[in-house]
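**Q** From the sequence below, what's the structure:
(2 chains)
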Amino acid sequence: MTKWGMVIDLDKCTGCQACTTACAMENNTLPGENWQDVLYYSEGSYPTAKLTWLPRPCMQCENPSCVAVCPTKATYKDMDAGGIVFVDWNKCIGCKYCMIACPYGVRFYADEKPVVEPDVRDVFPGTGQLHAPPYQGPDSDSVRGIGIQPKGVVSKCTFCYHKVSKAPEGVADLDEDNPETKEYTPACVRTCPPKARYFGDLDNPESEVNRLIADQRGVRLKDHTGNRPQVYYLGSGADVPAYQSPKKS
Amino acid sequence: MNKGNILQGPMGLGLMVVSAIVALAAFGYAFMDLSSVGHRSFNTTSQIPWGQPIATYLYFALASSGLGMIAALSLVFGFKQFLPIAKRAIFLSFVILIAGMAVLAMELGYVFRMLWVIPLNMQIQSAMFWMGVFYVADLIFLLWKFQKMEGQEWDSKTSKQIGIASFLAVLLASGNLALIFGMMSMRPFWFDGLMPIYFYLTAVASGLAAVVFFTYFAYGFNRAAMPERTRAMFEGPMPKLFAAVLGGTVLFIAVRAVTGVYTNNPEISVVWREFLFASPVYQASLWLGIVAPFVIMMIAGLRSNPSMQVLVSIAVFAGLFAERYFFVVGGQVVPLFRGTWEWGLIQYTPSMTEWALTIMGSAMLFALYAAGERFLNLSDMPAEPAPEGATAAA
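**A** Okay, here's the model as predicted:
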């Protein structure tokens, strides 16, 4: 069975935030929702100061703590969808317990209702073309938390399931350089300028992601929490330093 | 028996009406904000998803459990000296839980949806699922027990069985509520297997504060107006129990603080040093709201003084509310990743809407309590304490 996984090579990542932008555009995320962002942190002081950064999508954990705590089964891990963790927007009650339980801080609750709220579709009727507003995402699926997030529910990265799910069956890797899989590659992977991201099937021994994890000793963040992410990091900088009070640094 | 109860007269009516107006006004304000700008009217964020409304709910829910445990002293464990406050404690336990649930309901994204998605999906792995189950059971048993008391069934077999069931529901509900926080290994400030014990202790402390304050309130803060057995309870066993429970609370906070400050884990030590102890509000709530009341209650000459008892109950009320607030927020102020656009601790102060919900819950409690004093005889107790051994005979 397919188990989608991502590898992020921190030696290649330049922290340019193209992934952040691509994700926001692809998934129509609201202000305050960063399904994919890049965190910057510094360690040490002159002359040994180090500035590093960490791109961070949802880890789509193998043993996700967010799923266990959800009182309504709104958040669930879909093994048939390659082990992606989804939020069913029809079941979520907005208790935000999953956000408390996620060790990675990759769940979002953006509930802002403008005092005056014109219907954007009336203001910009559009022409039906994707480049003409409004672009809502052609594959809205509230059961999987895909589309524009409604009010009162939690949202998260879906590994661009609306693209990934259309990939040819049994494919080992989804690569933007391969014309056959380009369109099915998650937006953050496809857009990454230095090609620091790889996406493929962790259950397929032939996949590039498996080779990278094995050859370059891929690590998972906060593995001690038992969540076992399906996102692996390569390179120096994958050892995220522990929190330290700025007063002490 | 209740001639001294000022809340059965115009004073009670006035309190009920004024509190109801305040509760409605606060609800209206919060509702208007939520309807017009959404949850943006809260100062919570995706980094601090749980703010003061959750702390308020936690405070009310645990005070309710504490009151249930205090009622169990006489109704389950046979400490007859505490019978004079049993009915009031059961009633207060019920209404404070209703008030807490009302605040929680306003915090949720979809409150009515949970009525069907929780039972239809049966996510038994979730502590929050069990919180719903146990607190609903708690509410039902409290109501049932109160109905038995209304029917003067103090000592019947059914009444005792319901009392025991109610006590168990209280233990399960508050213990499970503790696990919602205590099981979060990714939030080290909360992660603690002894969290249920801490919650039980502090629940009883806040329950005692509530029952002492509201009983005095009913008699116009005049102990001479109380029935004889109630008076005797406030002169002897009640302040001693209060002292013991506050002592346990001080001890528990001290142990958590000492291990917290000296641990190498920054997600715990930073919270204690730079969020809790660095806050004048926390310092005031700890020293004036918990330690000082404990000292007062330990001094024999002071603990039976009615004014001191009322003062201590108010101080503990405020002190424990602050404890709950700093506990809930403290578990979230350290960024999960230091680089989450936050170099220091994540900042949070409750918004006006969040304060409105706290006020709404508090005013609801006062309104419902005043209605209880006025329409239900909360000072009621069995005519004579049952002699030792009578229980077994029954």
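**Q** Please name the nearest non-neighbouring residue to B:Ser185.
**A** B:Phe191 (5.2 Å; C-beta to C-beta, 6 or more residues apart in numbering or on different chains). Every residue, glycine included, has its C-beta placed from N, CA and C.
**Q** neighbours of B:Met69, just the number please.
**A** The number of residues packed near B:Met69 is 23, by other C-beta atoms under 10 Å in any protein chain shown.
**Q** May I have the residues that are in contact with the closest residue to chain B within chain A?
**A** Nearest residue of chain A to chain B, counting by C-beta to the nearest C-beta: A:Gly94, 1.8 Å away. Counting by C-beta atoms under 8 Å, 6 or more residues apart in numbering or on different chains, A:Gly94 touches A:109, A:111, A:152-154, B:108-110.
**Q** Test my guess that B:Ala315 contacts B:Val295.
**A** No. With contact defined as C-beta atoms under 8 Å, B:Ala315 and B:Val295 do not form a contacting pair (11.1 Å).
**Q** Put the buried members of the contacts of A:Gly94 into a PyMOL selection.
**A** Buried members of the contacts of A:Gly94 can be picked out in PyMOL with the line below, counting by 16 or more other C-beta atoms under 10 Å in any protein chain shown:
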select buried, (chain A and resi 109+111+152+153+154) or (chain B and resi 108+109+110)
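**Q** Looking at the contacts of A:Gly94, spot the one nearest B:Met233.
**A** B:Leu108 (39.6 Å; C-beta to C-beta).
**Q** which one of B:Ala315 and B:Val295 has more residues nearby?
**A** With neighbours defined as other C-beta under 10 Å, B:Ala315 and B:Val295 compare such that B:Ala315 has more, 19 against 15.
**Q** What spatial separation is found between the more buried one and A:Trp53?
**A** Separation of B:Ala315 from A:Trp53 (C-beta to C-beta, to the nearest Å): 48 Å.
**Q** Equivalent analysis for A:Thr29, please.
**A** Relative to A:Trp53, and taking C-beta to C-beta, A:Thr29 is found at 20 Å.
**Q** Any buried residues in the longest helix along chain A, and which?
**A** Secondary structure assigned by DSSP state H gives helix A:18-27 as the longest helix of chain A. Residues of helix A:18-27 classed as buried: A:18-20, A:22-24, A:26-27 (neighbour count, 16+ other C-beta under 10 Å).
**Q** burial of B:Met106, as a residue count?
**A** 22.
**Q** With A:Ser45 instead?
**A** 9.
**Q** Farthest from the middle of chain A: give me that residue.
**A** Ranked by distance from the centre of chain A (C-alpha atoms, centre = their mean), the top residue is A:Pro47, with 34.8 Å.
**Q** Shouldn't it be within a helix?
**A** No. Counting by DSSP: H, G, I helix; E, B strand; the rest coil, A:Pro47 is not found in a helix; it is coil.
**Q** For it, give its distance to A:Asn28.
**A** 45 Å.
**Q** Likewise for B:Phe94?
**A** 46 Å.
**Q** got it, and A:Asp175?
**A** 25 Å.
**Q** just B:Trp144 next, same as before
**A** 50 Å.
**Q** ditto for B:Ser156
**A** Applying C-beta to C-beta to B:Ser156 and A:Asn28 gives a distance of 63 Å.
**Q** The two - which one has more neighbours?
**A** A:Asn28 (16 against 13).
**Q** these two touch, right, the more buried one and A:Pro150?
**A** No. Using C-beta under 8 Å, A:Asn28 makes no contact with A:Pro150, being 11.9 Å away.
**Q** Where does pLDDT dip in chain A?
**A** Low-confidence segments of chain A, defined by pLDDT under 70: A:115, A:117-138, A:237-241, A:246-249.
**Q** Distance check, the spatially most central residue of it against B:Thr202.
**A** Nearest to the geometric centre of chain A sits A:Pro57, at 3.1 Å (C-alpha atoms, centre = their mean). Distance, A:Pro57 to B:Thr202, by C-beta to C-beta: 40 Å.
**Q** Who are the contact partners of B:Ala137?
**A** By C-beta under 8 Å, 6+ apart, the neighbours of B:Ala137 are B:169, B:172-173.
**Q** one more time with 10 Å
**A** Counting by C-beta atoms under 10 Å, 6 or more residues apart in numbering or on different chains, B:Ala137 makes contact with B:165-166, B:168-170, B:172-173.
**Q** Could you do B:Phe60 as well?
**A** B:95-104, B:206, B:210, B:321, B:324, B:358, B:361-362, B:364-365.
**Q** Without its sequence neighbours, what residue ends up closest to it?
**A** Once flanking residues are discounted, B:Phe60 sits nearest to B:Gly100: 2.9 Å by C-beta to C-beta, 6+ apart.
**Q** Test my guess that that neighbour contacts B:Leu58.
**A** Yes. At 8.0 Å, B:Gly100 counts as touching B:Leu58 under the criterion of C-beta atoms under 10 Å.
**Q** re earlier: could you check how many residues crowd around the residue nearest to B:Phe60?
**A** 23.
**Q** and it, what helix or strand is that in?
**A** Under the criterion of DSSP states H and E, B:Gly100 resides in helix B:86-107.
**Q** name the helices or strands packed onto that helix?
**A** helix B:10-37, helix B:52-75, helix B:127-150, helix B:157-182, helix B:195-218, helix B:352-375 (3 or more C-beta pairs under 10 Å, 6 or more residues apart in numbering or on different chains; DSSP states H and E).
**Q** Could the C-alpha coordinates of that helix be exported in PDB?
**A** This file holds the C-alpha atoms of helix B:86-107, laid out as PDB (Å, rounded to 0.1, in the frame of the first residue of the first chain):
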ATOM      1  CA  ALA B  86     -24.700  19.100  51.600                       C
ATOM      2  CA  LYS B  87     -27.800  20.300  49.700                       C
ATOM      3  CA  ARG B  88     -26.300  23.700  48.900                       C
ATOM      4  CA  ALA B  89     -23.100  22.000  47.800                       C
ATOM      5  CA  ILE B  90     -24.900  19.700  45.400                       C
ATOM      6  CA  PHE B  91     -27.000  22.600  44.000                       C
ATOM      7  CA  LEU B  92     -23.900  24.800  43.600                       C
ATOM      8  CA  SER B  93     -22.000  21.900  42.000                       C
ATOM      9  CA  PHE B  94     -24.800  21.600  39.400                       C
ATOM     10  CA  VAL B  95     -25.200  25.200  38.600                       C
ATOM     11  CA  ILE B  96     -21.500  26.000  38.500                       C
ATOM     12  CA  LEU B  97     -21.000  23.200  36.000                       C
ATOM     13  CA  ILE B  98     -23.900  24.500  33.900                       C
ATOM     14  CA  ALA B  99     -22.200  28.000  33.900                       C
ATOM     15  CA  GLY B 100     -18.900  26.400  33.000                       C
ATOM     16  CA  MET B 101     -20.400  24.500  30.100                       C
ATOM     17  CA  ALA B 102     -22.100  27.700  28.800                       C
ATOM     18  CA  VAL B 103     -18.700  29.400  28.700                       C
ATOM     19  CA  LEU B 104     -17.100  26.400  26.900                       C
ATOM     20  CA  ALA B 105     -20.000  26.300  24.400                       C
ATOM     21  CA  MET B 106     -19.200  29.900  23.400                       C
ATOM     22  CA  GLU B 107     -15.600  29.000  22.800                       C
END
